[in-house]
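*Asks:* whatever this is, show me its structure:
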Amino acid sequence: MNNVLIPVIPVEVALALEYYRSHIVYSQVDPLNIEAIRRRALADGNAHAKTILRYYDETALNRRNYLAAVLNGYTTVEPLNPSADELRRIAYENIRDKYEHASHFADMFPYDSGYQRGILFVLSELGINIAGLNVEESTEVTYL
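*Replies:* Just a heads-up that it's a prediction; the model follows:
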């Protein structure tokens with residue numbers, strides 16, 4: 001009798017998990033090491049880490065499902081190939097997270113202030129509008 005749990009997890013969690021699986025050498029974070037993922041989220045505001053932690057910390061069932069997904073594989077509620085709009089939303093969220101993380105240190109460190117100005121410059125040059133970052137929250141976001 002085969003009692004291997006193959007959990008169903010949300011697509012965004014699957015994408016974050018696959019990011020860590022494929023970048024384990026670069027990120028130096030093992031997807032099984034939740035505390036390392038937690039440190040990564042606190043250190044640099046990594047959106048993949050935040051996605052995993054939001055899911056993991058929500059319920060005990062989610063914790064079990066996440067660990068089972070890492071060990072045994074998983075299925076997703078939606079197909080794993082996200083739409084262009086979903087990828088763009090994730091990218092915009094990552095950019096916003098990086099900007100907000102730098103804002104905590106911009107008054108103390110010139111690098112972080114320059115990092116923020118660089119983000120705003122690139123968005124302006126490319127004609128990309130991200131609500132709450134380079135346009136007001138109520139403004140409709142421009143997708144390229």
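*Asks:* by residue count, what's the longest helix in the chain?
*Replies:* As far as residue count goes, and with DSSP state H defining each element, the longest helix of the chain is helix 84-103.
*Asks:* what's the domain layout of the chain?
*Replies:* Domain segmentation of the chain under automatic domain parsing yields 8-76, 83-144.
*Asks:* now these in CSV, with mean neighbour count?
*Replies:* For glycine as for every other residue, the C-beta is placed from the backbone atoms N, C-alpha and C. Shown next, in CSV, are the domains of the chain (neighbours: other Cβ atoms under 10 Å):
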stretch, mean neighbour count
domain 8-76, 16
domain 83-144, 14
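*Asks:* show me what contacts I6?
*Replies:* When the contact criterion is Cβ atoms under 8 Å, 6 or more residues apart in numbering, the partners of I6 are A68, N72, G73, Y74, T75.
*Asks:* re the thing from before, could the domains of the chain go into CSV alongside mean pLDDT?
*Replies:* Compiled in CSV, those are given as follows (pLDDT from 0 to 100):
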stretch, mean pLDDT
domain 8-76, 84
domain 83-144, 79
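*Asks:* next, give phi and psi for G127.
*Replies:* Here the main-chain torsion angles of G127 (degrees, to the nearest 10) amount to phi 70, psi 30.
*Asks:* which residue sits closest to A49, ignoring its sequence neighbours?
*Replies:* Beyond its immediate neighbours in the sequence, the residue positioned closest to A49 (Cβ to Cβ, 6 or more residues apart in numbering) is A41, lying 3.7 Å away.
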